[in-house]
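A.B. asks: Using only what follows, build the 3D model:
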Amino acid sequence: MTDSTTHRAREAPGPERLVLLACPAVTGELAEGATEGVDCRVLEAHLHVKPESLKVALREAVAELDQPGVTIVLGYGLCSNAVLGLKTEHATLVVPRVDDCIAMLLGSNEAFSREAEKERGSYYLAKAYLDECSTVVSEHEAMVLKYGQERAERMMRLVLKHYKRVVLVDTGRYDLEPLRERVSAVARMYELEVEEVEGTTRILDGLVADEWGDDFVVAPPRHELTLRDFRPELFARTSGDTGARAQAEGADREAEPT
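C.D. replies: Numbers count the residues shown, from 1 in each chain. Have a look, this model is predicted:
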C-alpha cells in the first residue's frame with residue numbers, strides 16, 4: 001500500500017511522533033536533512049493521475065498510522081479533493097491549505113491563480129516533478145522510444161494542443177541549468193514557450209518543522225476534512241449570496257466519502 005522509502009521515527013522526548021506522508025515530487029524539494037528524525041512514508045507518484053486511487057491510498061495510509069501521540073503531516077493539498085473525507089480517531093492530521101502541489105511550491109493558491117492568469121494553457125514543472133513523475137518531458141521521451149520520433153510527435157501534439165507554455169518553478173534548491181536544457185528541447189519541438197518563475201519551499205519546510213500557521217489545516221482526532229477547511233472563504237458569504245454559498249455546500253457534500 002505505501003512505498004516507504006524512509007522510516008526514521010522521531011526520537012524527541014515524550015510520546016509525540018511526526019510522520020510525513022507525501023508524494024515523491026514533494027519530498028524531492030525538501031532541503032537535505034530536513035526529514036532527519038521524521039518517519040517518512042512516500043506514496044507512488046502515479047496516484048495523482050487517478051484521484052480516487054489517491055483517496056483510497058491516503059485513507060489506508062492514514063488508518064495504518066492512526067495512533068495516540070502521532071501527528072501525520074501530508075505533503076498533499078486538496079489534490080482533486082483526494083484528501084477530503086480523511087479522519088483519524090487518535091492522531092492529529094496536518095495538511096497544507098492549498099489546492100495542489102504546484103500551489104504549494106508557489107506559496108499559496110493566490111500565487112498560483114496570479115500565475116495562471118498570465119496563461120491558462122500552462123504546464124508546470126519543478127525538478128522533483130521531472131525526476132519522479134510522468135510529465136510532458138518524460139512522456140515525449142517514452143513515446144519516441146516506443147513509436148519513433150515522427151509518430152511520437154504526432155501523438156504528443158494532440159496531448160499538448162491546449163498548452164502554450166511550460167513553467168519551470170525554481171524553488172532555489174537546485175541548479176536548474178540541466179533542467180533548462182532538457183525542458184527547452186521538448187518545448188521547442190511543440191512550439192511551447194518556457195518561462196521560469198520563482199517558487200518557495202516555505203509551506204513544505206513548515207510541514208516538517210512543526211510550523212503550522214494559517215497555511216495549514218490542523219485537524220484534531222475525529223475531525224473529518226471537508227472543503228470548508230481548505231476554502232473557508234466560500235462559506236463566509238453574506239446571507240444574500242445564497243447561490244455561491246449553496247454551490248460551495250453542494251461541492252462539500254459531493255466530496256464526502258460514501
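
A.B. asks: Run through the strands of the stretch 51-200 of the chain in chain order.
C.D. replies: Along the stretch 51-200 of the chain, counting by DSSP state E, counting those that start in this stretch, strands occupy 70-75, 92-96, 122-125, 165-170, 193-198.

A.B. asks: Out of the ones you listed, flag the one nearest residue 60.
C.D. replies: Comparison of the strands of the stretch 51-200 of the chain against residue 60 by C-beta to C-beta identifies strand 70-75 as nearest, at 12.6 Å. Backbone N, C-alpha and C define where each C-beta goes, glycine included.

A.B. asks: Mind giving me the packing neighbours of the closest one?
C.D. replies: Where contact means 3 or more C-beta pairs under 8 Å, 6 or more residues apart in numbering; DSSP states H and E, strand 70-75 is packed against strand 17-22, helix 51-65, strand 92-96, helix 202-208.

A.B. asks: Let me know which of those is the nearest to residue 146.
C.D. replies: Of all the helices and strands packed on strand 70-75, the one in closest proximity to residue 146, counting by C-beta to C-beta, is helix 51-65 (24.0 Å).

A.B. asks: Just the CA atoms of the closest one, as PDB, please.
C.D. replies: The C-alpha trace of helix 51-65 is given here as PDB (Å, rounded to 0.1, in the frame of the first residue of the first chain):
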ATOM      1  CA  PRO A  51      -7.700  10.900  -7.700                       C
ATOM      2  CA  GLU A  52     -10.000   8.100  -6.500                       C
ATOM      3  CA  SER A  53      -7.000   5.800  -6.200                       C
ATOM      4  CA  LEU A  54      -5.100   8.500  -4.400                       C
ATOM      5  CA  LYS A  55      -8.000   9.000  -2.000                       C
ATOM      6  CA  VAL A  56      -8.100   5.200  -1.200                       C
ATOM      7  CA  ALA A  57      -4.300   5.100  -0.700                       C
ATOM      8  CA  LEU A  58      -4.400   8.100   1.600                       C
ATOM      9  CA  ARG A  59      -7.200   6.600   3.700                       C
ATOM     10  CA  GLU A  60      -5.300   3.300   4.000                       C
ATOM     11  CA  ALA A  61      -2.000   5.000   4.900                       C
ATOM     12  CA  VAL A  62      -3.600   7.300   7.500                       C
ATOM     13  CA  ALA A  63      -5.500   4.400   9.000                       C
ATOM     14  CA  GLU A  64      -2.300   2.500   9.400                       C
ATOM     15  CA  LEU A  65      -0.600   5.400  11.200                       C
END
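
A.B. asks: Give me the residues contacting that helix.
C.D. replies: For helix 51-65, the surrounding residues in contact (C-beta atoms under 8 Å, 6 or more residues apart in numbering) are 1-2, 19, 21, 41, 43-44, 47-48, 72, 74, 76, 79-83, 85-86, 88, 91, 93, 257.

A.B. asks: What score does the closest residue to residue 107 other than its chain neighbours have for pLDDT?
C.D. replies: Take residue 107 and drop its neighbours on the chain: the residue closest to it by C-beta to C-beta, 6 or more residues apart in numbering is residue 200, 4.5 Å away. pLDDT for residue 200: 94.

A.B. asks: Give me the phi and psi angles of residue 200.
C.D. replies: Here is the backbone geometry of residue 200 (degrees, to the nearest 10): phi -150, psi 150.
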